[in-house]
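S.K.: Here's my sequence, what's the structure:
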Amino acid sequence: MKSCLTLAATVLLGAISLEAHAQSQQPWLADRKYGEGMGVRVGNLELHPGVAGEIGYDSNYFLRAPEEGVLSAYRLRITPSITLATLGQQRTQGGPQPSKVTFRGGAYLAYNELIATDSKYKSEFADQRHLDVGADLALNILPVGRVGADTYLNFVRQGQPSNNTDAQNAFDRDSFRAGAGATWRPGGGLFDWRLGYEFLYNYFEKDAYGYLNNYQHQVNMRGRWRFLPRTALLYDGNYTWVIYPNPSSQNDGTIARSRIGMNGLITNQLSLLAMIGWAGTFYNQNTNPTPQQFDSITAQAELKWFISGGADTMNAGSAPVGLSYASIGYTRDVSNSYLGNFYQKDRGYVGLSYMLGGSFLTSVTAGFANLAFPESYFPSGARQKEAFSEQRVDASVFGEYRLSNTFGLNATFNFDQNFTGESIPTNENDPGLNPDYLAYQRWQIFLGARWFL
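M.R.: A predicted model of the protein is given here:
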């Protein structure tokens, strides 16, 4: 069964940031253009409440390999949500000058009920019911001034099982993020430079995994020079300290990143984002032998074709929406991990987002990733696993038909597969006893209805 050290294999090996969590949630939670309707004006703010209900099927909730016995379940998910923000451009058009302070906040609850397709596992799945929670707050001071400032808070509570049905919601965790920065915009905003600080704390609710709790401090900066009306040169860099406060087999360390590139339209319908840089890790030697380090190129590239034209906006009769587009891209980066110190991810992907007549919305994404991991060790320092890599495929399809400005019917399909033949030892004295097989295949389908304002 999956041990605490193989948590990383079940959640993209340490990729439990707020962004990763958002990508796993319903599209209307991850991207407001899916989720918000016209809203209600409340003084100088606009309010967007909503609630969604979904029923579905999960083919492999515990992410088990075939050797471990795959278990499936029916699922029920109910998700109320709300956002509150300063008035958008549609409500202030022709009105007063832009506010010197802008605000945006939101929250959601997602109740998850699971029912075993095989009645003999009824109690095991009943124990896995859980509540996911998310909240965020962002404040921007003097957003168009020569000098401005911003601050933000995020909180995510996410339920995550191990593949041991006897361990109830084993990897439930809470992530708290807070940050602030100052931005300099000389020359009317054609050039801007931001310097900021961010704090992230990852907390595991089960005492058995408390040694994986960690906090991170990050100093970051980014710059932009718009040398054309819709095209800019970009720079971003950061330095992150990763610290495990409890006794742990994990090493403290730092990660440095730096990238430069450009983003913008190259024709009226075609845009390009291209970034290249370097990243390096500097993990300490705590209980493990001298750790391996990452020292390599990082990159990001995305080519996007706007179906409706890059300079146009679609009719937003029922909701603020983005442009319809097709995209293809590639990313290469390094992240902190709970299996070894870090993992390197190379991922290529394609995507499509399209709205037809303001009433039918569809979003399709698919990707292939190669994840590479360094050596990992048991708490005593004995080698647990030599360096290895694994290959993953993911796909997601979302469609929603809006019967009115405030009500829609939707369907969601998600697919994930890990093709690796690797396994992780879970017993230090007998590595061949009950190894954790990393390969799995999982697909999920949900049908639902959503009210939004």
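S.K.: Could you write out the alpha-carbon coordinates of stretch 428-440 in CSV?
M.R.: Once non-C-alpha atoms are left out, stretch 428-440 reads as follows in CSV (Å, rounded to 0.1, in the frame of the first residue of the first chain):
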residue,chain,number,x,y,z
GLU,A,428,13.1,-0.8,4.8
ASN,A,429,14.2,-4.3,5.9
ASP,A,430,12.6,-6.1,3.0
PRO,A,431,12.3,-3.9,-0.1
GLY,A,432,10.4,-6.6,-2.0
LEU,A,433,7.6,-6.8,0.6
ASN,A,434,4.4,-5.0,-0.5
PRO,A,435,6.0,-2.5,-2.9
ASP,A,436,3.9,0.5,-4.0
TYR,A,437,3.2,0.2,-7.8
LEU,A,438,3.0,3.7,-9.3
ALA,A,439,1.2,2.8,-12.5
TYR,A,440,-2.6,3.6,-12.6
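S.K.: pLDDT score for Asp192?
M.R.: Here, the pLDDT recorded for Asp192 equals 95.
S.K.: cool, and Val11?
M.R.: So Val11 comes in at 38 (pLDDT).
S.K.: Also Tyr209?
M.R.: Reading off the model, Tyr209 has pLDDT 85.
S.K.: Double-check that Tyr121 belongs to a helix.
M.R.: Yes. Counting by DSSP: H, G, I helix; E, B strand; the rest coil, Tyr121 is located in a helix.
S.K.: Which residue is the nearest non-sequential neighbour of it?
M.R.: Leu71 (5.9 Å; Cβ to Cβ, 6 or more residues apart in numbering). Placement of C-beta: from N, CA and C, glycine included.
S.K.: got a pLDDT number for the one you found?
M.R.: 95.
S.K.: With the one 3 residues further on instead?
M.R.: Looking at Tyr74, its pLDDT is 98.
S.K.: How about the one 3 residues further on?
M.R.: Per-residue pLDDT puts Arg77 at 97.
S.K.: Quick one: classify it as helix, strand or coil.
M.R.: Here Arg77 is strand, with the state taken from three-state DSSP.
S.K.: could you list every residue that touches Leu228?
M.R.: Applying Cβ atoms under 8 Å, 6 or more residues apart in numbering to Leu228 gives the contacts Gly264.
S.K.: what does the one 10 residues further on give?
M.R.: Applying Cβ under 8 Å, 6+ apart, we find Asn238 in contact with 218-221, 256-257.
S.K.: Emit the ChimeraX select command for whichever of the residues you listed are buried.
M.R.: This is how ChimeraX selects the buried members of these, with burial counted by 16 or more other Cβ atoms under 10 Å:
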select :218,220,257
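S.K.: Now render the contacts of Asn238 as a markdown table, adding secondary structure.
M.R.: Listed next are the contacts of Asn238 as a markdown table, based on three-state DSSP:
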| residue | secondary structure |
| --- | --- |
| Gln218 | strand |
| Val219 | strand |
| Asn220 | strand |
| Met221 | strand |
| Ala256 | strand |
| Arg257 | strand |
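S.K.: mind checking pLDDT for Leu5?
M.R.: Looking at Leu5, its pLDDT stands at 43.
S.K.: Of the contacts of Asn238, which pair is most distant in space?
M.R.: Across these, the longest distance by Cβ to Cβ is 12.4 Å; it joins Met221 and Ala256.
S.K.: and for those two, which residues touch both?
M.R.: 237-238.
S.K.: Point out where the stretch 101-250 of the chain drops to low pLDDT.
M.R.: For the stretch 101-250 of the chain, the stretches flagged by pLDDT under 70 are 165-169.
S.K.: no no, the stretch 301-450 of the chain
M.R.: Applying pLDDT under 70 to the stretch 301-450 of the chain flags residues 309-323.
S.K.: Recalculate using a threshold of 90.
M.R.: 307-324, 338-340, 355-359, 375-386, 405, 421, 423-437 (pLDDT under 90).
S.K.: show me where it has strands.
M.R.: Assigned by DSSP state E, counting those that start in this stretch, the stretch 301-450 of the chain shows strands spanning 325-336, 342-356, 360-373, 376-377, 383-385, 388-402, 407-418, 423-424, 436-437, 440-452.
S.K.: Give me whichever of the ones you listed is most buried.
M.R.: strand 376-377 (a mean of 23; mean count of other Cβ atoms under 10 Å).
S.K.: helices and strands around that one, which ones?
M.R.: strand 383-385 (3 or more Cβ pairs under 8 Å, 6 or more residues apart in numbering; DSSP states H and E).
S.K.: who does the one helix or strand Leu114 maps to touch, helix- and strand-wise?
M.R.: If you go by DSSP states H and E, Leu114 is part of strand 101-116. Packed against strand 101-116 by the contact rule (3+ Cβ pairs under 8 Å, 6+ apart) you find strand 73-86, helix 122-126, strand 130-141.
S.K.: buried residues in that strand?
M.R.: In strand 101-116, counting by 16+ other Cβ under 10 Å, buried: 102, 104-106, 108-110, 112-114, 116.
S.K.: Between those, which sits nearest Ala182?
M.R.: Thr102 (15.7 Å).
S.K.: who does the closest one bridge with?
M.R.: Per DSSP bridges, the residues bridged to Thr102 are Asn140.
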